[in-house]
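Student: Predicted model and sequence follow; I will ask about them next.
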Amino acid sequence: MSRRRLMSRLSYFTIEDESMLAEAFARFEDDVFAVTYKVDGSEDVFVTTAETREAMDRHDVAYNLLAEEDASQIVVHHSPLSHEELSEYEDAVKALALASRAVAAACVGVNGDRDLGLDLGQGSKRYSYFTAPAGHTFILRLFSDRDEAVDFLDEFTGGDDVAVEWARGIPLESAAELASYH
């Protein structure tokens with residue numbers, strides 16, 4: 001699996017024909033966890049992990065790098081189960097969040113839970129999911145700013161100090177601080 005990086009980057013890129021990605025990914029080494037996500041609201045901008053980008057480079061996939069984001073600036077709050085199953089895939093979860101122009105994501109449940117207690121009335125676009133290779137599909141709440149995360153986690157966790165402090169410690173104040181890929 002991927003080796004730990006001290007300074008991992010998430011990359012925004014375009015590609016001439018996105019079908020090239022599926023063809024290229026099929027040729028990647030078996031131990032490469034390759035992911036790309038289309039950036040919400042864009043026609044042709046994708047986000048990928050450093051591991052996927054390195055594999056694309058090794059296989060001469062032609063793409064146009066637009067910008068990079070320091071992966072440590074995008075953070076994930078885990079449940080015990082998501083921490084166990086997703087810790088090796090954290091950059092992929094961060095790329096998913098970044099594609100939604102979010103600065104953080106919190107695992108709020110597992111698909112199949114009877115009552116997640118989620119209020120989808122304010123829009124399902126604030127939520128996404130990530131299926132771990134181990135098989136669980138984790139429901140993620142995406143946050144476009146720190147204050148939103150603090151408010152949500154305070155209410156969702158009943159004021160759990162650890163969750164609220166995590167939210168207060170999100171490195172970026174808002175999505176306005178994310179790298180521009182234009």
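Tutor: Perfect, I can see it now. Residues are numbered from 1 along each chain as shown.
Student: CA only for contacts and neighbour counts going forward, please
Tutor: Fine.
Student: Residue ranges in this protein under the pLDDT threshold?
Tutor: Low-confidence regions of the chain, defined by pLDDT under 70, span residues 1-7, 114-124.
Student: domain ranges for it?
Tutor: Per automatic domain parsing, the structural domains of the chain span 9-71, 72-177.
Student: Present those domains as JSON lines; the columns should include mean neighbour count.
Tutor: Compiled in JSON lines, the domains of the chain are given as follows (neighbours: other Cα atoms under 10 Å):
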{"stretch": "domain 9-71", "mean neighbour count": "17"}
{"stretch": "domain 72-177", "mean neighbour count": "18"}
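Student: Do I have it right that Ser72 meets Ser8?
Tutor: Yes - with contact defined as Cα atoms under 8 Å, Ser72 counts as touching Ser8 (7.3 Å).
Student: OK, contacts around the residue nearest to Thr131 when sequence neighbours are not counted?
Tutor: What sits nearest to Thr131 in space, not counting adjacent residues and going by Cα to Cα, 6 or more residues apart in numbering, is Thr137, at 4.0 Å. With contact taken as Cα atoms under 8 Å, 6 or more residues apart in numbering, Thr137 is in contact with 110-111, 129-131.
Student: One more pass at 10 Å, please.
Tutor: 82, 109-112, 129-131 (Cα atoms under 10 Å, 6 or more residues apart in numbering).
Student: go on, Ala176?
Tutor: 101-103, 144-145 are the contacts of Ala176 under Cα under 10 Å, 6+ apart.
Student: now the helices: where do they sit in the chain?
Tutor: 19-27, 50-58, 80-86, 90-99, 146-156, 161-168 (DSSP state H).
Student: Check which helices and strands the third one sits against.
Tutor: Packing contacts for helix 80-86, counted by 3 or more Cα pairs under 10 Å, 6 or more residues apart in numbering; DSSP states H and E, involve helix 90-99, strand 104-110, strand 127-131, strand 137-143.
Student: could you dump the ones you listed to a markdown table with distance to Thr157?
Tutor: Below are the helices and strands packed on helix 80-86 laid out as a markdown table (distance: least, Cα to Cα, whole Å):
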| stretch | distance to Thr157 |
| --- | --- |
| helix 90-99 | 21 |
| strand 104-110 | 9 |
| strand 127-131 | 17 |
| strand 137-143 | 13 |
